[in-house]
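Asks: Provided below for reference: sequence and predicted model.
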Amino acid sequence: MVNIRNLIDHAKCYETVRTMRWPEGVICPHCSSDSVIKDGKDETEPQRQRYLCHGCRRRFDDLTGTIFAGHHEPLQTWIICLYFMGLNLSSLQIAKELEMNKGDVRAMVQQLRQGIVDKRSPVALSGEVECDEVYVVAGHKGHPEAVKKKGEAGGDGG
C-alpha cells in the first residue's frame, strides 16, 4: 500500500502557501508592511520560513495568521486533507487514508470549511434582480387540509 504522505513534498506545501498567500511578495500579517526580511527557518520544520517586519518589528512565519497556524499536524497533512475534501471524501474516509483519529480529522475538516467560508467575498446583487414566490408546507407533505385545520384551530392571533 502507498502512503500518500510520502508522495507530497513538505517544501512544495510551504512554497504553495507562500505563493497563494503573497503573490506580490511577503506582507506582514500584523501591520501590512512590505518592508520584510527573511529571518531564518523554523527548527522543527526547516521548510517553514521566518520573517522580520521592519515596519512593526514583529516576527512571523509562513503560517502566521492562517488556519494552519498553531496545530500539531504538519502542513502536509492539512494540504492532503484539503485535497481529499475536494474529492468529496467523508471525514471518516479521510481519517482512514491519513491513518488519523476520526475526531481529529472532523475538527480539521470543520476548520478548513470555515476558513474557506471566511475568505469568500460577500455576494452583492446588482442590476435587476427577480424573485419568485414559493409556498412551502413543512411537516404536512401532500396534506394542505391539515395546515388549514391547524390554522383554524389556533386562530390568527389578531
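Replies: Cool, the structure landed. Numbers count the residues shown, from 1 in each chain.
Asks: contacts and neighbour counts: CA atoms only from here.
Replies: Noted.
Asks: any idea how far residue 107 is from residue 84?
Replies: 15 Å (C-alpha to C-alpha, to the nearest Å).
Asks: also residue 65?
Replies: Counting by C-alpha to C-alpha - residue 65 and residue 84 are separated by 23 Å.
Asks: what about residue 79, neighbour count?
Replies: 19 (other C-alpha atoms under 10 Å).
Asks: can you list the buried residues in stretch 8-26?
Replies: Within stretch 8-26, the residues that count as buried by 16 or more other C-alpha atoms under 10 Å are 10, 13-15, 17-18, 26.
Asks: closest to residue 111 among those residues?
Replies: residue 17 (16.6 Å; C-alpha to C-alpha).
Asks: of residue 65 and residue 84, who's got more company?
Replies: residue 84 (18 against 13).
Asks: so that one: helix, strand or coil?
Replies: For residue 84, the reduced secondary structure class is helix; criterion used: DSSP: H, G, I helix; E, B strand; the rest coil.
Asks: mind listing what it touches?
Replies: Each residue near residue 84 by C-alpha atoms under 8 Å, 6 or more residues apart in numbering is listed here: residue 94.
Asks: for it, give me the pLDDT.
Replies: On the pLDDT scale, residue 84 is placed at 94.
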